[in-house]
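Participant: Any chance you can model this:
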Amino acid sequence: MFTLKDNLKTKITYYVVLVFVIVFYAIEFGIGHYTHTLVLLMDSYCTLCNILGLLAVIVANKFGQSASETTLDNLVIWTTNIPVALGNDDNKLRNTFGWKRYLTLSLLIRYIFLLSTAFSVSLEALQALIEAENNANKIHFELTLYVAIAGLLLYIVFHLVICGKSNVPSNAITNSPANDVTETLPESNNCRRKTKSILSDFIGPTFVILYCAITYFTDLRFMTYTDSILTLLLGVSQLILNFSLMKESCAILLQKIPDTIDIDNLRTQLLQSFPDVLNIHDFHIWQLTAEKVVSTVHITFKNPTVYPKLTRSLLVFFQKFGIDEATIQPEFFKDESTRAIEFGNNTPSCLMECQNDDCKQSFCCPKFPQVVSRKNKNNVYKESIVDCSSILIADNCVIYSVEMSNTELKPVNPADLKELQERMQLITNADPTQYHNDYSLKRYLRAFKSTNDAFQAILKTNKWRVEYGVSELNSEHPSVKSNMTANKGRVLKHRDMHGRPIIYIPAKNYSATARDVNELTQFIVYCLEEACKRCFEEVIDNLCIVFDLQDFSLGCMDYQILKNLIWLLSKHYPERLGVCLVINAPGFFSGCWAIIKGWLDENTTSKVLFVSSEQELCSYLIPDVLPTDI
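Facilitator: All right, here's what the predicted structure looks like:
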């Protein structure tokens with residue numbers, strides 16, 4: 001496009017080339033009718049399409065200037081003491097995106113025009129084949145040859161002058177005064193598109209020259225057949241070469257997601273890359289032009305303080321996925337259990353504090369997270385929303401107030417805790433590696449009946465940790481690495497509604513026969529250790545385990561591994577299980593559950609919850625945090 005720096009010479013070049021192409025079209029069209037050469041007529045219509053394309057570029061450059069395309073170097077600021085009235089250009093308001101899609105629309109129109117003319121000339125060519133005797137007097141092929149050679153020379157000049165001046169906008173973030181770092185991404189490869197464009201221009205004159213050569217070296221009786229066949233081939237070739245551009249323009253006008261972007265993978269990568277991002281919804285991606293992809297998205301952040309810090313990183317993240325411009329609508333998750341930690345007790349619970357009592361009675365500051373159900377013909381989408389002032393309550397939007405379950409821990413007798421502390425102090429003085437903090441001691445006291453039982457359990461756990469080599473289990477350990485590759489489980493970066501770390505276990509990846517019990521048990525211990533490290537023991541010191549039974553079959557039911565997990569949680573990780581969610585359970589799993597339930601005590605059984613719907617799952621965690629790639 002022309003910019004403010006383009007001089008008059010550059011603009012005149014476009015107009016001069018346009019005049020030459022128009023003159024050539026008039027000559028080619030006239031001689032095509034004079035010599036009754038259908039292949040030359042077909043090429044003349046292709047030339048007319050090029051004229052329409054040149055006109056579209058000139059119009060788009062003339063009216064497509066906008067302030068957003070003007071750099072600081074091209075601006076001149078005038079100051080005056082005379083009051084200036086604020087103007088209001090209705091034309092600009094009607095075209096908020098300017099003329100950016102004018103070229104895309106013109107490309108579709110030109111293809112439709114080419115299709116109609118090719119169809120018309122092809123019918124004439126077929127008729128000429130049938131009635132060959134009526135068209136056997138074509139003797140002016142020399143004149144046709146001169147026009148074809150002139151066309152080749154014209155297109156050579158056309159591509160050298162015009163295509164050499166076209167600039168593709170770079171995919172980069174502009175430098176800002178506050179931050180002098182620029183993230184630049186490589187431009188998309190347009191080699192295939194340019195090749196098709198060149199072939200589309202040169203194939204017409206080439207077919208005309210081929211027609212003249214065949215006519216010169218063969219009998220004139222074959223002129224009609226040669227002309228008709230080459231005309232049909234030229235029409236089909238032009239339609240094939242330009243079909244991809246037409247398809248791309250239709251996709252842009254229909255605001256289709258670009259084929260190069262996987263929105264599900266992008267959503268998953270964003271949640272995994274930014275732990276402070278809790279949820280993503282109303283995510284839309286579309287192409288504004290062939291070179292520019294834009295997006296709008298609603299993102300729920302952990303708290304308002306992280307949003308300014310992540311804004312630039314999020315924009316860079318989107319550009320790495322090929323999105324040039326992104327509009328982010330921030331939302332902030334705040335519940336009663338995490339607000340005191342993140343903001344302090346003196347911070348208001350609302351992002352915007354109410355100014356009067358009437359406001360406090362409304363839903364702008366909900367006490368509990370809200371679950372929003374958006375319905376359409378095929379699916380029901382449910383989202384966890386905190387700022388209900390942004391929700392438009394209508395027939396297709398239903399709000400459910402979800403009150404979270406009580407997560408208060410069972411109190412511990414202070415006398416028992418003091419006794420256990422004194423006994424552990426003696427052990428710790430002799431061996432500092434056996435130290436357990438007060439939160440760990442409280443868990444053992446809640447899990448076991450007496451102080452002595454808790455003390456003995458701690459000693460057994462310390463001995464087991466040394467003998468089992470728990471400290472040696474890391475991501476590079478062979479057992480851990482192999483099972484991570486097999487997607488047997490994952491400790492998620494995000495947490496549930498109560499701040500618990502989440503261990504996600506896809507049951508479909510298990511087998512009762514094809515597995516190594518010892519290696520798989522080591523992997524489970526590694527997952528428990530990693531999740532425990534993520535606990536904030538001052539607030540909550542237990543875990544959320546999610547068993548996903550999607551695509552589950554009886555062959556995946558590994559009772560031995562499940563027994564090992566139950567044994568680990570009861571003996572060496574007591575009171576670490578906060579809740580166990582079983583999702584997507586098939587009907588036949590009730591038989592398996594009847595067996596498993598017999599291995600659990602009453603307290604553990606109460607923590608196992610079967611979640612039958614996504615709405616119910618929203619009471620415990622945000623569904624989008626669950627991985628979709630395993």
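Participant: ok, Met42 to Leu114 distance?
Facilitator: Here Met42 is placed at a distance of 10 Å from Leu114 (CB to CB, to the nearest Å). Every residue, glycine included, has its C-beta placed from N, CA and C.
Participant: More neighbours: these two, which one.
Facilitator: Set side by side, Met42 and Leu114 show more neighbours around Met42, with 29 against 22, by other CB atoms under 10 Å.
Participant: I'd say the more buried one and Leu232 touch.
Facilitator: No. Counting by CB atoms under 8 Å, Leu232 is not a contact partner of Met42; they are 9.0 Å apart.
Participant: Strands along the stretch 351-500 of the chain, start to end?
Facilitator: 370-375, 380-385, 397-401, 490-495 (DSSP state E, counting those that start in this stretch).
Participant: let me fix that: the chain
Facilitator: Assigned by DSSP state E, the strands in the chain fall at 277-287, 293-301, 325-332, 370-375, 380-385, 397-401, 490-495, 501-506, 543-548, 577-583, 608-611.
Participant: Next, format these as CSV and append distance to Trp599, mean pLDDT and mean neighbour count.
Facilitator: Shown next, in CSV, are the strands of the chain (distance: least, CB to CB, whole Å; pLDDT from 0 to 100; neighbours: other CB atoms under 10 Å):
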stretch, distance to Trp599, mean pLDDT, mean neighbour count
strand 277-287, 35, 88, 19
strand 293-301, 38, 90, 20
strand 325-332, 42, 88, 16
strand 370-375, 33, 39, 17
strand 380-385, 33, 39, 18
strand 397-401, 35, 38, 13
strand 490-495, 24, 90, 20
strand 501-506, 17, 94, 22
strand 543-548, 15, 95, 24
strand 577-583, 13, 94, 21
strand 608-611, 11, 94, 17
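Participant: for those, which one sits closest to Thr215?
Facilitator: Taking CB to CB, strand 277-287 is the member of the strands of the chain nearest to Thr215, at 46.0 Å.
Participant: which residues does Cys592 contact?
Facilitator: By CB atoms under 8 Å, 6 or more residues apart in numbering, the contact set of Cys592 is 554, 557.
Participant: how much space between it and Ser511?
Facilitator: In terms of CB to CB, Cys592 sits 15 Å off from Ser511.
Participant: Repeat that for Gln425.
Facilitator: From Gln425 over to Ser511 the distance is 47 Å, taken as CB to CB.
Participant: who's more crowded, the two?
Facilitator: Neighbours were counted for Gln425 and for Ser511 using other CB under 10 Å; Ser511 has more, 14 against 10.
Participant: Make sure that one is actually in contact with Cys556.
Facilitator: Yes. Counting by CB under 8 Å, Ser511 does reach Cys556; the two are 6.4 Å apart.
Participant: And for Phe63, the neighbour number?
Facilitator: Using other CB under 10 Å: Phe63 sits among 13 other residues.
Participant: I'd say it and Val57 touch.
Facilitator: No. With contact defined as CB under 8 Å, Phe63 does not count as touching Val57 (11.6 Å).
Participant: Show me what counts as buried in the lengthiest helix in the chain.
Facilitator: Secondary structure of the chain per DSSP state H: the longest helix is helix 223-253. Going by neighbour count (16 or more other CB atoms under 10 Å), the buried part of helix 223-253 is 223-224, 226-235, 237-238, 241-242, 245-246, 248-249, 251-252.
Participant: Now do it: which elements does it pack against?
Facilitator: Applying 3 or more CB pairs under 8 Å, 6 or more residues apart in numbering; DSSP states H and E, one finds that helix 223-253 contacts helix 38-63, helix 102-130, helix 191-217, strand 277-287.
Participant: Kindly compare burial across these and name the winner.
Facilitator: helix 38-63 (a mean of 20; mean count of other CB atoms under 10 Å).
Participant: what angle do that one and helix 223-253 make?
Facilitator: Calculated by axes from the mean of the first three to the mean of the last three CA atoms, to 10 degrees, helix 38-63 forms an angle of 30 degrees with helix 223-253.
Participant: Tell me the spacing between the closest residue to Lys481 other than its chain neighbours and Phe283.
Facilitator: Among residues not flanking Lys481 along the chain, Ser475 sits closest, at 6.8 Å (CB to CB, 6 or more residues apart in numbering). For Ser475, the distance to Phe283 (CB to CB) stands at 31 Å.
Participant: what's the answer for Glu467, then?
Facilitator: 49 Å.
Participant: cool, Asn437 as well?
Facilitator: Asn437 is 42 Å from Phe283, by CB to CB.
Participant: Could you do Leu617 as well?
Facilitator: In this view, Leu617 and Phe283 are 20 Å apart by CB to CB.
Participant: for Cys556, same thing?
Facilitator: From Cys556 across to Phe283, the span is 32 Å (CB to CB).
Participant: Point out where the stretch 101-250 of the chain drops to low pLDDT.
Facilitator: By pLDDT under 70, the weakly predicted segments of the stretch 101-250 of the chain are 132-140, 162-190, 219-221.
Participant: Pull the contacting residues for Tyr155.
Facilitator: 201-202, 205.
Participant: Among these, find me the one that's closest to Ile27.
Facilitator: Using CB to CB, the contacts of Tyr155 come closest to Ile27 at Pro205, 12.9 Å.
Participant: excluding its backbone neighbours, what's nearest that closest one?
Facilitator: Nearest to Pro205 is Gly151, by CB to CB, 6+ apart, at 3.9 Å.
Participant: Ile458: neighbour count?
Facilitator: 23.
Participant: wait, doesn't it sit right on Lys442?
Facilitator: No. In this structure, Ile458 is not within contact of Lys442 by CB under 8 Å, at 11.8 Å.
Participant: With distance to Lys11 added, can I get the strands of the chain in TSV?
Facilitator: Conversion of those to TSV gives the following (distance: least, CB to CB, whole Å):
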stretch	distance to Lys11
strand 277-287	28
strand 293-301	29
strand 325-332	28
strand 370-375	50
strand 380-385	51
strand 397-401	52
strand 490-495	54
strand 501-506	60
strand 543-548	62
strand 577-583	63
strand 608-611	65
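Participant: Those: which one's closest to Pro414?
Facilitator: Nearest to Pro414, of all the strands of the chain, is strand 577-583, at 23.5 Å by CB to CB.
Participant: Contacts for stretch 598-606, please.
Facilitator: 563, 566, 569-570, 577, 597, 608.
Participant: same thing but at 7 Å, please
Facilitator: 563, 566, 577, 597 (CB atoms under 7 Å, 6 or more residues apart in numbering).
Participant: now Lys442, nearest residue through space, not along the chain?
Facilitator: Per CB to CB, 6+ apart, closest to Lys442 is Val412, 4.8 Å.
Participant: how far away is the one you found from Ala447?
Facilitator: 11 Å.
Participant: For the closest residue to Leu609 other than its chain neighbours, list each beta-bridge partner.
Facilitator: Spatial nearest neighbour of Leu609, chain neighbours left out: Leu581 (5.6 Å); criterion: CB to CB, 6+ apart. On the basis of DSSP bridges, Leu581 takes part in beta bridges with Val546, Leu609.
Participant: Any regions of the stretch 501-630 of the chain where pLDDT drops low?
Facilitator: 536-539.
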